[in-house]
Every structure is written in structure tokens, then in C-alpha cells.
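In: Sequence and predicted structure are below.
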Amino acid sequence: LEDVDAVVGDVSELALERITFAAAQGDTARAVGECGRAVAAGESPQAIIAALQRHFQRLHRIRAQVDGGSSLDDALRRMRPPLHFKQKDAFAAQCRMWTTVRLTEALARIATAAKAARLTSSLEEAYSERLAMGLAMLARDGAGRGRAVQGR
């Protein structure tokens with residue numbers, strides 16, 4: 001039973017990571033698709049919203065350090081818990097494409113969706129998918145307008 005729990009936990013975590021990374025990279029179709037697959041597999045829409053919130057909080061924290069004069073590599077090295085080596089390049093690219101202002105906007109959207117999903121549980125799946133799509137569009141729109149910021 002413990003082995004099954006360990007495997008299922010890992011699969012669940014991977015599903016959440018696929019959603020968060022797709023949304024933060026601006027891949028709308030993949031973010032929404034992964035969100036739908038995760039819910040169909042039994043993942044809670046609330047867990048998806050929470051995972052998005054954690055991911056964007058980490059991006060915001062690192063972006064603020066870079067804006068404050070730290071190098072991106074140093075800020076990434078200081079992350080706790082540390083990033084998995086397979087995620088480092090994708091996360092670094094996300095840190096470069098998101099500005100602090102847009103990350104603040106993303107976190108506000110996430111907070112609004114989390115509150116709405118808690119208040120109307122019958123719509124929580126729709127809120128989680130709409131959030132993933134909206135964040136991906138925000139990422140894509142920001143990168144497309146040339147508002148990307150390079151790390152130091």
C-alpha cells in the first residue's frame with residue numbers, strides 16, 4: 001500500500017507540475033488539456049489552483065531577487081526547496097519572461113479564482129481551467145509584446 005501511495009503521489013505531483021509549467025510558459029492548449037486530464041484522473045481543482053499559486057509565488061520571489069540586483073543563477077541556487085535539475089532551465093526561462101508587475105497580476109488572478117472556487121464548489125473545475133488558460137494567455141501576451149525581462 002505504501003508503494004502504491006508513493007507512486008500515485010508522484011504521478012499527481014507530476015500532473016500538477018505539467019499544468020503549472022505549461023501555464024507559466026504560455027502554452028494555453030497544454031495548460032487547459034493537462035488541467036482537464038488531471039481532474040478526470042481524480043485531482044482536485046482546488047489542488048490545481050494551489051499548485052498554480054505556489055508556482056507563481058516562487059516565480060515572484062525569484063523575480064524580485066533578480067530585480068533587487070541578484071543574478072538569476074544565484075537566486076535559483078538559493079531556492080528552498082531547490083528545483084529539480086530537469087526543471088531548472090524551464091523555470092529560469094519563465095523568470096526571464098515574467099515581470100514583477102505581471103506576476104503580481106497573476107497572483108491576484110489566482111487569489112480571485114481560489115476564493116470563487118471555494119465559494120462555488122460546483123464550478124471549481126471551470127475556475128481551475130479558466131485560471132490555467134488565463135495565466136497562459138497572460139504569459140503569452142507579455143512575451144509577445146516584448147515586455148520580457150532578461151535575468152542578470
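Out: Noted; the coordinates are in hand.
In: Please, which helix or strand holds the residue nearest to the spatial centre of the chain?
Out: With distances taken as Cα atoms, centre = their mean, the residue of the chain nearest its centroid is T20 (3.3 Å). Under the criterion of DSSP states H and E, T20 resides in helix 2-25.
In: what about the residue nearest to the centre of the chain, distance to G68?
Out: Noted for T20: a distance of 24 Å to G68, by Cβ to Cβ, to the nearest Å. For every residue, glycine as well, the C-beta is placed using N, CA and C.
In: May I ask which helix or strand of the protein has the lowest mean pLDDT?
Out: The least trusted helix or strand in the chain, going by mean pLDDT, DSSP states H and E, turns out to be helix 2-25, with a mean of 74.
In: helix or strand right after it?
Out: Following helix 2-25 in sequence, per DSSP H and E, is helix 28-40.
In: how about that following helix: buried residues?
Out: Neighbour-count burial for helix 28-40 flags 28, 30-35, 38-39 (criterion: 16 or more other Cβ atoms under 10 Å).
In: ok, residues contacting it?
Out: Helix 28-40 has contacts (Cβ atoms under 8 Å, 6 or more residues apart in numbering) with 12, 15-16, 18-19, 22-23, 45, 48, 125, 128-129, 132-133, 135-137, 140.
In: so which strand or helix has the residue lying closest to the residue nearest to the centre of the chain once chain neighbours are set aside?
Out: Among residues not flanking T20 along the chain, H55 sits closest, at 3.9 Å (Cβ to Cβ, 6 or more residues apart in numbering). If you go by DSSP H and E, H55 is part of helix 45-67.
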